Structure formats: structure tokens, C-alpha cells
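>>> Show me the folded form of this:
(one chain, ligands or ions: 1)
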Amino acid sequence: MFGIEHPIIQGGMHYVGFAELAAAVSNAGGLGIITGLTQKTPDLLAREIARCHDMTDKPFGVNLTFLPAFSAPPYPEYIAAIREGGIKIVETAGRSPEQYMPALKAADIKVIHKCTSVRHSLKAEQIGCDAVSVDGFECGGHPGEDDMPNMILLPRAAEELKIPFVASGGMADARSLVAALALGAAGMNMGTRFIATKEAPVHENVKQALVAATELDTRLVMRAIRNTERVLRNKGVDRLIEIEREKGRSLKIEDIHDEVAGVYPKVMIDGEMDAGAWSCGMVVGLIKDVPTVKELIDRIMADAESIIRSRLTGFLDDGKATRRVA
Ligand SMILES: Cc1cc2nc3c(=O)[nH]c(=O)nc-3n(C[C@H](O)[C@H](O)[C@H](O)COP(=O)(O)O)c2cc1C
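Below you'll find the model as predicted:
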């Protein structure tokens, strides 16, 4: 569907998904994605797309996140920049892309919508999305409000969906990929894991923080305002959680403005690791190194083959190999 070699997608990431990372992922045989709204205007997005075309001949996509914003970004203009930039794959996320489907389809663009529930996945299928990215409770960013881990969510999606889907959230390595395939997915989408790569254009402090953190170091914030986000714990996040405790159900976004607004450039560009809330998945517990994107993807594909050939086929041989594995 996307013309890529390996079933691995790099999800859109605010202040991470620049041309450098998207091109590196696509050059390594996956699907790289530029984060549309990190570019402050449609014109800047057009330039970022052109930069990425200079770095790769392979297909890459653009993420369009539909925010619950008071002042919505000019989405039609962003879509025009995407279309004119020759992009044929768009990852949508946040609110339903229904309103923009005619414009995307008229430009012959394949749409993969990221959603955190079976009902939203079915809605995406119904409005003409080509695929979905099913994002479990483990994921970095916004896991929704259902708290459904991928061990349940993926097989449920497989039971209901006709269009293909990839597993997203908690995916890090060959084990994740093979498990995702077993649960019915056609591949996997990774966010957090791709930040800890040589090409990710973020401050070195961010990569080192990911290597140092364990699976216990993420927190859910903004639940009271139904905008739940999984973030890496830091001093700013501890402050945020304290405010949330004090305010309880009366919490308003203004109360936590300093801990959530304008944090991404401080973290990703300046390396201020205690600046506040920035998305990070539980999968951080599985990140132990900072390889190149190609090393990461090659390792995933090679290890996946060996897991399937030597570990899984063993289960077919009268249990002998099963015992060996055990
Ligand atoms: C730092 C960061 C920023 C993100 N920003 C966005 C975004 O702007 N739009 C979006 O749709 N998803 C965003 N995501 C979510 C990812 O695209 C992906 O769905 C998620 O990271 C998958 O979970 P994982 O981190 O466990 O791999 C972000 C994730 C991270 C870690």
C-alpha cells in the first residue's frame, strides 16, 4: 500500500519528525513521517517536504494532527502544501479526519488514521481511510481514555476491521514486530524508539534520558480534562501532578499552562529535561542504545527472522524445539 520495504512506520512526533528523521527512516526501508504542525505555517511545511525530497527518493508521509484547538490551524492550506509537495501518504491523528477526506482522496493520498479504540478504527474504515494505526495504552502521547493495552486492543481490532492496521504503542524491537504480526497487525508504528537514534534531530540530552529511563518512568497527565497524555517523568511533570492533585476535578488547562505550553522546543532543541510534559511511551524501558535508524531497522528485521525461524517454528516440531526454547 505504501511502497515500502519493511513493515515499520515512524509516527509523527512534535519537534522530532523533521526531514532528517523522516528521510532516514524511509532510506532504511520504513515509512518516515514529517510532523505537519511542527511547521508553524503551510509554507514552512512545503519547505520541509522539499528538504525531505532532497534527502530521499523513497516514499515518506506527513502527519496531520487534528487538535481540539480553539484556534484551529489552517488545515486546508496544510493539505494543499502536502498535495503540492507530491506526498501520497498522510497519517492523521487526534479528531476524526472525516471533514478532510474528500480533499485527501481527491489528491490520491493514502490515509492512515491513528486511533486508540476499536470504535474509532471502525469509524475510520467507514469514512474511507486506507489503514489505521492502532495505538494502545502503552503509547507515548495521547492514549485516549479507555486504557486498553495492545494485548487486547490489537486482536479486537483484527476481529472487527476489514482494512489493514499497524500496531502502535510499546513497539521497540523484533519481539514487538513478531508479536504485532501474531496479533493480527500488518506491521508496527514506533514513536519513542525512533527518538533514540543518531539521526533524530533532537538534543543529545533527550536521547540520553531515554536510554537512562526505565518502564516505570512515564506518567499520565491531563486526565481530568480528558486530554490524557503519557509523558516522561521530570521535575516539571512532578509539579504538574501536584497541581492536578490540588485541583482535582476542577482542573483547567490554564492551571498547568507553564508545565505544558511551549515545552517541546525547550526539551528537543535546548535539552532542558525538566521543562515540563513531553510525550514518551512505556517502551522507554526497552531502549538501551542510540543506533542509526538503519542499524535499528536492519536489526529488527534480522532478529524478527530469527525469532520466527528458530523460536516459533520450533512450536510445530512435536514440542521438541519448544522444550529447547524453554
Ligand atoms: C515526543 C513525541 C511526540 C509526539 N507527537 C505526536 C504528534 O504531534 N502527533 C501525533 O499524531 N502523534 C504524536 N506522537 C505519538 C507517536 O506518533 C506514536 O503514535 C507513539 O509514540 C507510539 O507509541 P510509542 O512511543 O510507544 O512508540 C508523539 C510521540 C512522542 C514520543
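
>>> can we go C-alpha only for contacts and neighbour counts from here?
Will do.

>>> so where is this structure shaky, pLDDT-wise?
Applying pLDDT under 70 to the chain picks out residues 69-70, 318-326.

>>> ok, which stretches of it are strands?
Under the criterion DSSP state E, the chain contains strands at 8-10, 32-35, 60-66, 89-94, 110-115, 131-135, 165-168, 188-190, 218-221, 229-232.

>>> Reformat those into a markdown table and put mean neighbour count and distance to residue 21 next to each item.
Below are the strands of the chain laid out as a markdown table (neighbours: other Cα atoms under 10 Å; distance: least, Cα to Cα, whole Å):
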| stretch | mean neighbour count | distance to residue 21 |
| --- | --- | --- |
| strand 8-10 | 26 | 9 |
| strand 32-35 | 29 | 7 |
| strand 60-66 | 25 | 11 |
| strand 89-94 | 22 | 16 |
| strand 110-115 | 25 | 19 |
| strand 131-135 | 27 | 19 |
| strand 165-168 | 28 | 18 |
| strand 188-190 | 27 | 12 |
| strand 218-221 | 22 | 24 |
| strand 229-232 | 25 | 21 |
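
>>> Reformat those strands as CSV; add distance to residue 247.
CSV is the format used below for the strands of the chain (distance: least, Cα to Cα, whole Å):
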stretch, distance to residue 247
strand 8-10, 36
strand 32-35, 33
strand 60-66, 28
strand 89-94, 26
strand 110-115, 29
strand 131-135, 29
strand 165-168, 32
strand 188-190, 34
strand 218-221, 13
strand 229-232, 18
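
>>> Could you dump those into CSV with distance to the ligand added?
As requested, the strands of the chain are arranged in CSV below (distance: least, Cα to the nearest ligand atom, whole Å):
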stretch, distance to the ligand
strand 8-10, 7
strand 32-35, 6
strand 60-66, 5
strand 89-94, 5
strand 110-115, 7
strand 131-135, 6
strand 165-168, 5
strand 188-190, 4
strand 218-221, 11
strand 229-232, 8
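
>>> Tell me which of these lies nearest to residue 102.
When the strands of the chain are compared by Cα to Cα, strand 110-115 sits nearest residue 102, at 11.1 Å.

>>> In CSV, list the C-alpha atoms belonging to the closest one.
Taking Å, rounded to 0.1, in the frame of the first residue of the first chain, the C-alpha atoms of strand 110-115 are listed here in CSV:
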residue,chain,number,x,y,z
LYS,A,110,-3.5,7.1,1.2
VAL,A,111,-4.7,7.9,4.7
ILE,A,112,-3.6,6.0,7.8
HIS,A,113,-5.6,7.3,10.8
LYS,A,114,-4.2,6.7,14.3
CYS,A,115,-6.7,5.8,16.9
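
>>> coming back round to it: among the strands of the chain, which is nearest residue 302?
When the strands of the chain are compared by Cα to Cα, strand 8-10 sits nearest residue 302, at 13.3 Å.

>>> for that closest one, packing partners?
Packing partners of strand 8-10 (3 or more Cα pairs under 8 Å, 6 or more residues apart in numbering; DSSP states H and E): helix 19-27, strand 32-35, strand 188-190.
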